[in-house]
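A.B. asks: Attaching a predicted model along with its sequence, questions to come.
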Amino acid sequence: NAGVMQNPRHLVRRRGQEARLRCSPMKGHSHVYWYRQLPEEGLKFMVYLQKENIIDESGMPKERFSAEFPKEGPSILRIQQVVRGDSAAYFCASSPPGTGNNSPLHFGNGTRLTVT
Amino acid sequence: AQSVAQPEDQVNVAEGNPLTVKCTYSVSGNPYLFWYVQYPNRGLQFLLKYITGDNLVKGSYGFEAEFNKSQTSFHLKKPSALVSDSALYFCAVRDGGNNRLAFGKGNQVVVIP
């Protein structure tokens, strides 16, 4: 049973370009979370999605960032017009439906975005 | 909003000695508490969780954690540390009212041979 799959593992973008990060949750999981990790800052919640719905986007920057989790295919975190401050590791996590707050999150290995 | 504090940046311990990583939390409702470990260039791996019941929770790789409601703490412990336990450890809390998991900034554990 494959775990949470994120790609690419490493992504280099020049300032002003777009970054698209993909996440395929574990089989049977319908809840997806995106977190950003900066050195010395830990993990910061960005967004929580279920299939075709954004449930909580309170951690997403108001501009340039968007996320989706379509009915078919992976979840996508999209960063438009990237700036150097967007350089970070972005982690996706998933959990199964119906388990409420008891369920731990299962994390992918992350995408390390470098903006030059 | 829920939050977690991990007061120490780095924890150094000699191999074979007890290991403790501290965590305190703040929530408005019932706390759901978790510990995760992260190895270099990897995602987070789940170690253990406290939902309700016994205050001492046992998890993977010989780790355990003690929930203390009066001190709002959930310290991670291991009786005898291994060099392979050297990693970054994260405490996390979920408020009963929402699905968001809030993480502390993490503690680097270094086990010295």
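C.D. replies: Received the coordinates, thanks.
A.B. asks: tell me the contacts of A:Gly85?
C.D. replies: By C-beta atoms under 8 Å, 6 or more residues apart in numbering or on different chains, the residues touching A:Gly85 are A:Val115. For every residue, glycine as well, the C-beta is placed using N, CA and C.
A.B. asks: quick one: it from chain B, how far?
C.D. replies: 18 Å (C-beta to the nearest C-beta, to the nearest Å).
A.B. asks: how near is B:Ala81 to B:Val110?
C.D. replies: Using C-beta to C-beta, to the nearest Å, B:Ala81 is found at 10 Å from B:Val110.
A.B. asks: Can you pick out the residue with more neighbours from those two?
C.D. replies: Remark: of B:Ala81 and B:Val110, B:Ala81 carries more neighbours, 22 against 13, as counted by other C-beta atoms under 10 Å in any protein chain shown.
A.B. asks: Need the three-state assignment for that one.
C.D. replies: coil (DSSP: H, G, I helix; E, B strand; the rest coil).
A.B. asks: Repeat that for the one 3 residues further on.
C.D. replies: Using three-state DSSP as the criterion, the local structure at B:Ser84 reads helix.
A.B. asks: one step back: intersection of neighbour lists for B:Ala81 and B:Val110?
C.D. replies: B:Val13.
A.B. asks: Could you tell me which residues of chain A lie near chain B?
C.D. replies: For chain A, the contact set with chain B under C-beta under 8 Å from any C-beta of the partner chain comprises A:4, A:6, A:31, A:33, A:35, A:40-45, A:48, A:55-56, A:58-59, A:91, A:93, A:101-102, A:104-110.
A.B. asks: And the strands in the chain?
C.D. replies: You didn't pick a chain, so chain A it is. A:5-7, A:10-13, A:19-24, A:31-38, A:42-50, A:53-56, A:65-68, A:75-79, A:88-95, A:106-107, A:111-115 (DSSP state E).
A.B. asks: meant chain B, my bad for not saying
C.D. replies: Going by DSSP E, chain B shows strands at B:3-5, B:10-14, B:19-21, B:24-26, B:31-38, B:44-50, B:56-58, B:64-68, B:73-78, B:87-95, B:101-103, B:107-112.
A.B. asks: So in terms of bridging, what pairs with the spatially most central residue of chain A?
C.D. replies: Closest residue to the average C-alpha location of chain A: A:Trp34 at 3.3 Å, with C-alpha atoms, centre = their mean. When bridges are called by DSSP bridges, A:Trp34 pairs up with A:Val47, A:Cys92.
A.B. asks: mind checking how far it is from A:Met5?
C.D. replies: From A:Trp34 to A:Met5 the distance is 14 Å (C-beta to C-beta).
A.B. asks: would you turn the strands of chain A into CSV with mean pLDDT and distance to B:Phe74?
C.D. replies: As requested, the strands of chain A are arranged in CSV below (pLDDT from 0 to 100; distance: least, C-beta to C-beta, whole Å):
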stretch, mean pLDDT, distance to B:Phe74
strand A:5-7, 96, 28
strand A:10-13, 98, 34
strand A:19-24, 98, 28
strand A:31-38, 94, 20
strand A:42-50, 92, 16
strand A:53-56, 93, 23
strand A:65-68, 98, 30
strand A:75-79, 98, 30
strand A:88-95, 95, 20
strand A:106-107, 94, 19
strand A:111-115, 97, 29
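A.B. asks: Output these in CSV; the columns should cover distance to B:Val13.
C.D. replies: As requested, the strands of chain A are arranged in CSV below (distance: least, C-beta to C-beta, whole Å):
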stretch, distance to B:Val13
strand A:5-7, 32
strand A:10-13, 33
strand A:19-24, 35
strand A:31-38, 24
strand A:42-50, 21
strand A:53-56, 37
strand A:65-68, 39
strand A:75-79, 37
strand A:88-95, 26
strand A:106-107, 25
strand A:111-115, 29
